[in-house]
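In: got a sequence here, can you model it:
(chains A, B and C)
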Amino acid sequence: MLRLGIANLVVAMLACAEGFTFVIGSPVASQQFQFKAATFVFRTEGCGDAGTAQVSATAEGVLKGERQSVVLKVMPGSKPGVYAVFQSWPAEGQWIVNLKGTCGNAHAGAIVPMGPKGFIRESAKFFPHPATESEVETALKPLITGAKK
Amino acid sequence: MFGRHIRHQVAGLLDGELPLAERKRIEDHLAVCGLCRAEREQVRAGMSMLKHLPPAQAPDTIWNAIEAAWPERQQRSGAWFRQGFRPWFLAYAALVMVAAAGIAYWTRVHHHERQWEVVKIQVSAGGDKEPIRKVAGVGPGDWIETDAASSARIRVGQIGSVDVGPNARLRVVATSPLEHRLTLERGEIHAKISAPPKLFFVETASATAEDLGCEYSLKTDVQGLGVLQVTLGWVSFQWKGIESLVPAGASCRTRPHAGPGVPYFDDAPEELRNALENLSGERSFDTILRVARVRDTLTLWHLLARAGVSDRVRIYDRMAALTPVPADVSREKVLELDAKTLTRWKEALAWTW
Amino acid sequence: MVPLSDREVSPEIIADCRAGDRDAIRVLYDTYKDRVYSVALYFFHGDESVAADVTQQVFLKLITSIGQFKGDAAFSTWLYRLVVNACQDMARRRKSAAWTTERSRLEEFPMRGSQEDDYARAEDARSVRDAVSELPPKLRMAVLLRYFDDLSYEQMAEVLHCSMGTVASRLSRGHKRLADRLKSLIGAKG
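Out: Sure thing, here's the model as predicted:
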């Protein structure tokens, strides 16, 4: 009986660990008027209790040839697991937003490139781990190259 | 040994308002009474919280209202007012003169205490805008009209502003804390509003835009043919039970006697946007379904309620092919246009818009 | 304390106001309007419309009765007596209906600075405003008068028609209630 209970617990934990990821969207997805001016909103998926996930964000970018990093404040929404990111990085330069999350033993990461009209949804990348430095640099390259043209 | 507790005098101590002898007595008591020391810290904490309360600025319209209600009396410096004249009459005379100069004017119908501020902007011959240093208050019932050479900016209470383009005409309907509303008879406005839902409304002949906290442009003619384009946030565009949700990056046309149309993203394929112009056309529907992207489920979702049963099936199937249907959204309920099901699906789809 | 204005009007301005000088009255208005408005605004739970009405009533009353100001007390004491009376009159008329309606969105809008800072500031301001709104009227008025105009206890006693001990008691109780109500905010700020 005890073994069965432990087995169930392990299965449950694995279920929580699998599929933990981010979903990003425009502010309208949050249905929260306080977020109407947010750069984008995101939610966690695959975390059993959405409210227990730990999330953080940084803006990584290049400004006048210098590599920069800005810690962002992630605003929780009224619905558990929904958050907003507001722009607090410089308007100039090329930037991506690097999202990181943990849910129990599971991790998730996302890189969301920023363009002149806001976040570039189609270029966003999602990982089952926090994005590595190399992945961040790879995401920044096309933005820098594009800016030079 | 402890003496009387001093909890009701703590604020006086912290504010330095106690006479010296009293202050000494209290400090002696605090040295031996943990209860009162805890009380002191609580009062101190409460005082520190007030720094989060921002001082407010009295709106300029209050002085306008005071002047209008100024009791008649002899004035030493009567630069503005003379006996026998009422403030609103002088203001109206000024308005007539301004109108004769071909600048934006407004018609004052009633004097109202709760007013919006209007700043007139005149476009000079060189094309650079120069604000005219004339601010007036408008309230319910007042009209604002601009000619070909002018525009205006209306400050809507404390919640934002509306820029009025040339050749526009609009009327202020309500300026209360529970509702700000205007009617756009013709022309174009650009609204930038920061407010909770159901506070700011713009009516046209064919639809009402309910601000849900956003920035948008709205253009209409007297018949009600127009277009709403949202650049920030989202707007609910409504008319007689027909509602279109228009998020940032999307537009929605409106037609006389038909209300708001189907919203579409401004970057939607041109074929889709053209097909929406002529929905009754034979191939229009096919085109929309064929070229729609994931993001265009905004358009498809709104089409569901406006399509016949057979077309609804096709729309559902196309949407299901574009993006996974949530587990709690059943095909059957969607085709029945079950409101709760449609709302759940919209909330899920909004993450792709 | 956050003084909204460091200015006070000179005796000459007050004398001109008593003589009916419109420009002097405008100076008086400009000196005190924000303080009066702030007290009214937060007394009435952030209701801008009511605060505007109260402010208007205060200054209209001032215009009609400034001839009665003899100069034997500080002008601000006399003015704030008008403010307290106007708030009490309005409260009687409104029967506290405003509490249940949508209240001011002042602090819900981005004003200056980064949007996330604005959001955090707005949330803090709303919490404090709500806590102030929950104070009983006598404690609420005492807290607001002290905070926005830095009146002395002696002045407040004159304005509120009570003793200085009562002023101290109301302020002690009012601030303590705020601390109780805002525990989580106090904890977060450290």
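In: sec struct for residue A:109, please.
Out: Three-state call for residue A:109 (DSSP: H, G, I helix; E, B strand; the rest coil): strand.
In: residue C:20 now?
Out: Classification of residue C:20 using three-state DSSP returns coil.
In: residues near it, how many?
Out: A count of neighbours around residue C:20, defined by other CB atoms under 10 Å in any protein chain shown, yields 17. For glycine as for every other residue, the C-beta is placed from the backbone atoms N, C-alpha and C.
In: what about it, distance to residue C:64?
Out: Remark: distance between residue C:20 and residue C:64 (CB to CB, to the nearest Å) = 11 Å.
In: was I right about residue B:222 contacting residue B:185?
Out: Yes - between residue B:222 and residue B:185 there is a contact under CB atoms under 8 Å: 6.1 Å.
In: quick one: common contacting residues for the two?
Out: residue B:205 (CB atoms under 8 Å, 6 or more residues apart in numbering or on different chains).
In: which one of those two has more residues nearby?
Out: residue B:185 (18 against 12).
In: and the closest residue to the more buried one other than its chain neighbours, how many neighbours?
Out: Distances taken as CB to CB, 6 or more residues apart in numbering or on different chains place residue B:169 nearest to residue B:185, at 4.5 Å, with adjacent residues excluded. Residue B:169 has 15 neighbours, counted by other CB under 10 Å.
In: residue contacts, residue B:169?
Out: B:143-146, B:184-187.
In: could you redo the last one with a cut-off of 7 Å?
Out: Residues near residue B:169 by CB atoms under 7 Å, 6 or more residues apart in numbering or on different chains: B:143, B:145, B:185-187.
In: of those, which belong to strands?
Out: Under the assignment DSSP state E, the contacts of residue B:169 contribute B:143, B:145, B:185-187 to strands.
In: now name the helix or strand holding whatever residue of chain C ends up closest to chain B.
Out: Closest residue of chain C to chain B, CB to the nearest CB: residue C:175 (3.2 Å). Taking DSSP states H and E as the criterion, residue C:175 maps to helix C:164-181.
In: any idea how far residue A:40 is from whichever residue of chain B sits closest to chain C?
Out: Nearest residue of chain B to chain C: residue B:46, at 3.2 Å (CB to the nearest CB). Distance of residue B:46 to residue A:40, computed by CB to CB: 38 Å.
In: could you export stretch A:66-73 as CSV, CA atoms only?
Out: Only the C-alpha atoms of stretch A:66-73 are listed here, as CSV (Å, rounded to 0.1, in the frame of the first residue of the first chain):
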residue,chain,number,x,y,z
GLU,A,66,27.4,47.1,-25.6
ARG,A,67,25.8,44.0,-24.2
GLN,A,68,23.3,44.8,-21.5
SER,A,69,20.9,43.0,-19.1
VAL,A,70,18.0,44.5,-17.3
VAL,A,71,16.1,42.6,-14.5
LEU,A,72,12.4,43.0,-15.1
LYS,A,73,9.5,43.0,-12.6
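In: what is the distance between that stretch and the centre of its chain?
Out: The chain centre lies 14 Å from the centre of stretch A:66-73; the measure is CA atoms, centre = their mean, to the nearest Å.
In: and it, what's buried?
Out: Residues of stretch A:66-73 classed as buried by neighbour count (16 or more other CB atoms under 10 Å in any protein chain shown): A:70, A:72-73.
In: same question, stretch C:145-153
Out: C:145-149, C:151-153.
In: so which of those residues belong to strands?
Out: Among the buried residues of stretch C:145-153, no member lies in strands (by DSSP E).
In: near chain B too, which of those residues?
Out: Among the buried residues of stretch C:145-153, the ones lying near chain B by CB under 7 Å from any CB of the partner chain are C:147-148, C:152-153.
In: which residues of chain A score low on pLDDT?
Out: Within chain A, the stretches with pLDDT under 70 are A:1-18, A:148-149.
In: and it, which of its residues are near chain B?
Out: Of all the residues in chain A, those lying near chain B are A:23, A:25-29, A:31, A:33, A:36-37, going by CB under 7 Å from any CB.
In: chain A: helices as residue ranges?
Out: Using DSSP state H, the helices found in chain A span residues A:2-17, A:133-148.
In: now the residue nearest to the spatial centre of chain C: which helix or strand?
Out: Per CA atoms, centre = their mean, the C-alpha nearest to the average position across chain C is that of residue C:39, at 1.4 Å. Assigned by DSSP H and E, residue C:39 belongs to helix C:22-43.
In: what is the very next helix or strand once past that helix packed up against?
Out: Next along the chain after helix C:22-43, taking DSSP H and E as the criterion, comes helix C:48-65. If contacts are counted by 3 or more CB pairs under 7 Å, 6 or more residues apart in numbering or on different chains; DSSP states H and E, helix C:48-65 sits against helix B:61-68, helix C:22-43, helix C:75-94.
In: angle of helix C:48-65 against helix C:75-94?
Out: Relative orientation of helix C:48-65 versus helix C:75-94 (axes from the mean of the first three to the mean of the last three CA atoms, to 10 degrees): 130 degrees.
In: give me the contacts around helix C:48-65.
Out: Residues contacting helix C:48-65 (CB under 7 Å, 6+ apart): B:58-59, B:62, B:65-66, B:69-71, B:113-114, B:157-158, B:176-177, C:25, C:29, C:33, C:36-37, C:40-41, C:44, C:79, C:82-83, C:86-87, C:90, C:94, C:98, C:104.
In: what about residue 19, neighbour count?
Out: Using chain A here. Using other CB under 10 Å, residue A:19 is surrounded by 13 other residues.
In: looking at chain B here, not the other one
Out: Look at residue B:19: counted by other CB under 10 Å, it has 10 neighbours.
In: next: the one 5 residues further on.
Out: The local packing count at residue B:24 equals 11, with neighbours defined by other CB under 10 Å.
In: what's whichever strand or helix holds residue B:41 in contact with?
Out: Using DSSP H and E, residue B:41 falls within helix B:34-49. For helix B:34-49, the surrounding residues in contact (CB under 7 Å, 6+ apart) are B:5-7, B:10-11, B:14, B:29-30, C:128, C:172, C:175-176, C:178-179, C:182, C:185-186.
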